[in-house]
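**Q** predicted model follows, preceded by the sequence.
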Amino acid sequence: MPNRTDAPSSVSSFGVEQLPKIAYGRGSYLYDAKGKQYLDGSGGPAVYSVGHANAEVNDAIKAQLDRIAHGYRYTFTSDAADELQEIIFRRTGGGFQKLVFVSSGSEAVESCMKIVLQYWSAVGRQGKRRFIARRRSWHGNTLGALSVSDFKSRRAAFEGSLLDVSFVSAANDYRRPAGVSPDELGQHLAGELEEEILRVGSEKVAAFIFEPVVGAAGGVVPAPEGYAKAVQEVCRRHDVLLVADEVMCGSGRVGTWRALEHDGVMPDIMSIAKGLAGGYIPLGAALYSGRIGDALQNAHGGVQTGHTFTGHTAACAAGVAVQKIIDRDGLVERVRERGAILQDELRAALANVPEVGDVRGRGYFIGLELVCDPATKTPFAADLKLHARIGANAFERGLIVYPCAGNVDGVSGDTIIVAPPYNASEAELSEIVEKLAHAITEEVGKVRGRRT
């Protein structure tokens, strides 16, 4: 057997000690080499928007491969890239006129950051180099994206080589600052952002980047009502670009194609990935407004980011096929309508587990937060690794969910993410609820009574 130096040495981030070997997938289910079946209740890391081995998507990819796998972007465009661009612009409501295709969410965010910096250079304001981001956020593994992320365990090894970034508070209604009411939270946080812009100097601040619905770093945390509009007003007042990272929460995952559509806000720049091509071939994009595009074109002849595989033809063909299925079958609307019911079903199934402190989210992007003391919202001790225990228990039952740690302070805080395929059946959604409820009830019962 080859020496697998990249193999996990301990429990994986999904709580699994010994990773089985994948054999095949069908719809919402995966099967390992020993024949065990797993219901993909989290779409991997919220990726698989139309499930696995969809014949229409596979046929579209095969047809593209029979013609050409990849036409390099500096020598050719393609029907697939052009069609997918048109689909994206239409689904985002006309707020963007330019985009760059990439091969991952991290690349998409990195590209957004480069577009920000290039824009300010293009308009003669080279001094605007500073980014502001939020605590308990995750934007990616490249050095720039990691710099604007507040995920302690993922940053630690790279500290000292990251960009100098300002961080403001997380926007979490479940964990509001003392003395701040739900109605005041959005304005309170926008005020904090404004204070930080003024402290640094608006002439130095390039952009504010945030996840409209925080994913892994917070365990699915939707922005409070009014928050997005309030921070947009602050950014406009101080000539700061607004960047929305919709890699995880976008492309229909929360019941609107753009997550910020719910909030009535159009950012200047936006990243997408995961659900765009549904995991069939890696694909993402950085979208930006015509105003920014014109400035880049006039000063530099166009955007100065992108890679060898930008606009990869077969990847774009996969994206077109996935998006046509989502559109034809009304899956975004299905996610919006069924998601709220799914949250209620999870609450009902876990009503006798008070340690489930919060069930939150939008659409098919749902987070469950586990707390040791529901009254004080005190998290369980980090060394208990409750999230991993629940993930492993569910996995053993044949259910994949996404366990996350550190949502409270970077170390403590246990959450579970549920993010099924948009076309999951009613029976499959019921199976998710049943198996997850059993896993949580059993593992919480084992650690109940322990205190931090």
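**A** Received it, and whenever you're ready, just let me know what you need. Residues are numbered from 1 along each chain as shown.
**Q** geometric centre of this protein: which residue is closest?
**A** The residue lying closest to the centre of the chain (C-alpha atoms, centre = their mean) is Met248, at 1.9 Å.
**Q** and the pLDDT at that residue?
**A** Per-residue pLDDT puts Met248 at 98.
**Q** do you know how far it is from Pro45?
**A** Applying C-beta to C-beta, to the nearest Å, the value for Met248 to Pro45 is 7 Å. All C-beta spots, glycine's among them, are computed from the backbone N, C-alpha and C.
**Q** quick one on the thing from earlier: pop out the phi and psi values for the residue nearest to the centre of the chain.
**A** The phi and psi torsions at Met248 (degrees, to the nearest 10) take the values phi -90, psi -40.
**Q** and Glu56, that's in a strand?
**A** No: going by DSSP: H, G, I helix; E, B strand; the rest coil, the assignment for Glu56 is helix, not a strand.
**Q** number of nearby residues for it?
**A** By other C-beta atoms under 10 Å, 13 other residues sit near Glu56.
**Q** could you do the one 4 residues further on as well?
**A** Other residues within reach of Ala60, judged by other C-beta under 10 Å, total 22.
**Q** what's the separation between it and Lys324?
**A** Separation of Ala60 from Lys324 (C-beta to C-beta): 9 Å.
**Q** coming back round to it: so what sits against both of Met248 and Pro45?
**A** Both Met248 and Pro45 are contacted by Ala216, Lys274, under the criterion C-beta atoms under 8 Å, 6 or more residues apart in numbering.
**Q** nearest residue to Glu83 other than its sequence neighbours?
**A** Leaving aside its chain neighbours, Glu83 sits nearest to Val320 (5.1 Å; criterion: C-beta to C-beta, 6 or more residues apart in numbering).
**Q** Phe101 is in what secondary structure piece?
**A** Applying DSSP states H and E as the criterion places Phe101 in strand 98-102.
**Q** could you check how far that strand is from the centre of its chain?
**A** Relative to its parent chain, strand 98-102 has a centroid offset of 18 Å by C-alpha atoms, centre = their mean, to the nearest Å.
**Q** just the CA trace of that strand, in CSV.
**A** Extracted as CSV, the C-alpha positions of strand 98-102 are listed here (Å, rounded to 0.1, in the frame of the first residue of the first chain):
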residue,chain,number,x,y,z
LYS,A,98,-18.4,41.4,-15.3
LEU,A,99,-17.1,38.1,-13.9
VAL,A,100,-14.0,36.0,-13.7
PHE,A,101,-14.4,32.2,-13.5
VAL,A,102,-12.1,30.3,-11.1
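**Q** packing partners for the helix or strand that it is followed by?
**A** Per DSSP H and E, the first helix or strand lying C-terminal to strand 98-102 is helix 105-122. Helix 105-122 is packed against strand 98-102, helix 143-147, strand 205-210, strand 241-245, strand 269-272, strand 284-288, helix 290-300, with contacts defined by 3 or more C-beta pairs under 8 Å, 6 or more residues apart in numbering; DSSP states H and E.
**Q** give me the contacts around the lowest-mean-pLDDT helix or strand in the chain.
**A** Sorted by mean pLDDT, DSSP states H and E, the helices and strands of the chain end with helix 152-155, the least confident at a mean of 90. By C-beta under 8 Å, 6+ apart, the residues outside helix 152-155 that reach it are Trp138, Asn141, Leu146, Ser149, Leu162, Ala405, Gly406, Gly410, Val411.
**Q** rerun at 7 Å
**A** Under the criterion C-beta atoms under 7 Å, 6 or more residues apart in numbering, residues Leu146, Ser149, Gly406, Gly410, Val411 lie in contact with helix 152-155.
**Q** what's the closest of those residues to Leu331?
**A** Nearest to Leu331 among these is Ser149, at 29.4 Å by C-beta to C-beta.
**Q** just to be sure, that closest one is in a strand?
**A** No: assessed by three-state DSSP, Ser149 does not belong to a strand; its assignment is coil.
**Q** that one and Glu110: what is the separation?
**A** Distance, Ser149 to Glu110, by C-beta to C-beta: 12 Å.
**Q** try Gln126
**A** Taking C-beta to C-beta, one finds Gln126 at 20 Å from Glu110.
**Q** between these two, which one's more packed in?
**A** Glu110 (26 against 10).
**Q** got the contact list for the more buried one?
**A** Glu110 sits next to Gly140, Thr142, Gly144, Ala145 when contact means C-beta under 7 Å, 6+ apart.
**Q** let's see it at 8 Å
**A** Shown in contact with Glu110 (C-beta under 8 Å, 6+ apart): Gly140, Thr142, Gly144, Ala145, Thr305.
**Q** mutual contacts of Ser149 and Glu110, please.
**A** Common contacts of Ser149 and Glu110 (C-beta under 8 Å, 6+ apart): Gly140.
**Q** what's the burial count for the residue nearest to Arg258 when sequence neighbours are not counted?
**A** Leaving aside its chain neighbours, Arg258 sits nearest to Thr92 (5.5 Å; criterion: C-beta to C-beta, 6+ apart). Using other C-beta under 10 Å, Thr92 has 20 neighbouring residues.
**Q** where do the helices sit along the stretch 1-150 of the chain?
**A** 43-46, 55-67, 79-91, 105-122, 143-147 (DSSP state H, counting those that start in this stretch).
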